[in-house]
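Undergrad: When you get a sec, could you give me coordinates for this:
(one chain, ligands or ions: 1)
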Amino acid sequence: MTHVLLVGCGKMGSALLANWHKAYAGRMQFSVISRTAPRSRLDKVTYYTNLADIPASITPDVIVLAVKPQQLDAVLPEYAKRFSKPAILFLSVAAGKTVEYFKSQLGAKSHTIRAMPNTPATIGRGMTVLFAPSDVPSVMHKTATELMSSCGDVASIDDESLMDAAAAISGSGPAYVFYFLDCLTQAGVRAGLDQALAHKLALRTVSGAAALASNSEESFEQLRQNVTSPGGMTEAALQILMADKGLEPLIDEAVQAAKLRAKQL
Ligand SMILES: NC(=O)c1ccc[n+]([C@@H]2O[C@H](COP(=O)([O-])OP(=O)(O)OC[C@H]3O[C@@H](n4cnc5c(N)ncnc54)[C@H](OP(=O)(O)O)[C@@H]3O)[C@@H](O)[C@H]2O)c1
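TA: I've put the predicted structure just below:
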């Protein structure tokens with residue numbers, strides 16, 4: 001039975017574990033290293049506080065690294081000492097940290113696959129971008145895909161340099177959408193609606209529009225045009241949003257800033 005060891009049970013680690021447990025408990029074995037006591041414990045999952053607590057006889061097949069990128073320098077050396085074996089897959093969800101970095105920390109023969117999930121994984125509606133280097137055995141790629149598929153949709157890329165761009169869109173993207181929801185709600189309040197109604201209208205509009213786009217063959221541009229009558233009120237709003245210094249250059253700038261930050265992590 002595939003044994004998956006999760007290192008770090010924070011926001012992302014616990015979301016991943018919940019999906020894996022739901023999809024694979026009984027078919028895969030799960031252990032967790034969590035320095036602080038987890039808020040809730042799942043049955044059939046073994047919880048440890050430190051790596052040293054794991055009996056020497058245990059060797060996981062997959063080690064999932066779900067600590068902050070800045071914590072990896074401190075975390076990896078003890079894992080390298082004990083688990084630097086080509087038969088073990090390291091699955092990293094850390095933003096910005098490259099396969100070359102993991103090889104430098106875990107040994108040249110170690111195998112790392114990078115995954116970039118997002119927080120809708122919490123409800124099984126995540127979007128994960130996977131990068132597996134060409135030297136990773138296909139069975140490991142399959143396991144990583146299987147694990148991440150239980151958290152939502154998965155897209156694989158074969159050019160690692162695109163990972164930061166993908167992270168800047170789908171990894172950080174939920175935060176942009178939450179901010180947009182907030183802006184739309186507050187604009188509604190400033191336009192005279194009460195907070196609860198403005199919140200509901202903004203949320204239902206964004207989730208409904210996303211669902212409509214998901215169910216449509218039409219491009220985003222066409223869908224926008226479908227609700228924009230010439231000379232109408234939607235067009236009046238879009239003239240502001242689509243101005244030279246409107247939303248598009250602003251979003252470009254934000255995505256570039258996220259990409260740049262990934263390089264610094
Ligand atoms: N959140 C997102 O939207 C998102 C999206 C995509 C990818 N990611 C990636 O997911 C990773 C985790 O992010 P997060 O948002 O879940 O951060 P987080 O909530 O801060 O979780 C990190 C966890 O790692 C634990 N940890 C640190 N050192 C450890 C060690 N030596 N052994 C065991 N556990 C250790 C921390 O425990 P303590 O509290 O005890 O320090 C904390 O629970 C990051 O690399 C991030 O880039 C996050």
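Undergrad: In three-state terms, label Lys259 for me.
TA: When the structure is reduced to helix, strand and coil (DSSP: H, G, I helix; E, B strand; the rest coil), Lys259 reads as helix.
Undergrad: my guess is it meets Asp164, correct?
TA: Yes. Shown here, Lys259 and Asp164 form a contact pair, counting by CB atoms under 8 Å, at 4.7 Å. No exception for glycine: its C-beta is placed from N, CA and C like everyone else's.
Undergrad: of those two, who's got more company?
TA: When Lys259 and Asp164 are compared for neighbours, Asp164 comes out ahead with 21 against 18, by other CB atoms under 10 Å.
Undergrad: residues in contact with whatever residue of the stretch 151-265 of the chain ends up closest to the ligand?
TA: Going by CB to the nearest ligand atom, the ligand is nearest to Gly171 of the stretch 151-265 of the chain, at 4.3 Å. Going by CB atoms under 8 Å, 6 or more residues apart in numbering, Gly171 touches Ala95, Met116, Pro117, Asn118, Val129.
Undergrad: roughly how far apart are it and Asp244?
TA: For Gly171, the distance to Asp244 under the criterion CB to CB, to the nearest Å works out to 29 Å.
Undergrad: what do you get for Ser134?
TA: Noted for Ser134: a distance of 43 Å to Asp244, by CB to CB.
Undergrad: in the helix or strand where Thr143 lies, what counts as buried?
TA: Under the criterion of DSSP states H and E, Thr143 resides in helix 138-149. Along helix 138-149, these residues count as buried under the neighbour rule (16 or more other CB atoms under 10 Å): Met140, His141, Thr143, Ala144, Thr145, Glu146, Leu147, Met148.
Undergrad: Also stretch 54-62?
TA: The neighbour-count criterion (16+ other CB under 10 Å) identifies Ile54, Pro60, Asp61, Val62 as the buried residues of stretch 54-62.
Undergrad: Could I get the phi/psi values of the second one?
TA: This means Pro60. For Pro60, the backbone dihedrals are phi -70, psi 160 (criterion: degrees, to the nearest 10).
Undergrad: So it is in contact with Ser31, correct?
TA: Yes. Under the criterion of CB under 8 Å, Pro60 makes contact with Ser31 at 6.8 Å.
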